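Visitor: Everything below, folded, please.
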Amino acid sequence: MSRFLSRWLVLTIAAGVMVALLPGMEAVGEPPILGIAAFALFLALFNASIKPIVQLIALPISLLSFGLFALVLNWLFMELASWLAMSLFDVGVIIHGFLWAVLGSLIMSIVSGIVNAVTGD
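Guide: Numbers count the residues shown, from 1 in each chain. Down below sits the predicted model:
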């Protein structure tokens, strides 16, 4: 359980940086960190549960597309996390297009790696 909570915290920090840097991402909530935390919660749940299975099933398509289909999967998971957060909690992160989701997932990956390296996780 503590592993999941630390992963959620890391994703919340990464999503906060993503929203701060990209004009195509908008945090909804008062304060905005609530929306970012709800969005990160669903991303952490997906990363821990269904994302590895979906990536394994989609592996042949990813290989044929030279990994570009992985971008589509990241976009779908980000959109799903955004939709769930907005539907269930009325807070979240609004993603204004596929390109912003791709750039956002790139920023989140970099920030997550840095935070994990600093914390030793």
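Visitor: any low-confidence regions in the protein?
Guide: Counting by pLDDT under 70, the low-confidence segments of the chain come to 121.
Visitor: Now do the helices in the protein.
Guide: 2-21, 32-48, 51-57, 59-64, 68-89, 98-119 (DSSP state H).
Visitor: List the buried residues of stretch 94-111.
Guide: I94, I95, W100, A101, L103, G104, S105, I107, M108, V111 (16 or more other C-beta atoms under 10 Å). For glycine as for every other residue, the C-beta is placed from the backbone atoms N, C-alpha and C.
Visitor: pretty sure the fifth one is touching L22, no?
Guide: Yes - with contact defined as C-beta atoms under 8 Å, L103 reaches L22; the gap is 5.9 Å.
Visitor: For G24, which non-adjacent residue is closest in space?
Guide: W100 (3.0 Å; C-beta to C-beta, 6 or more residues apart in numbering).
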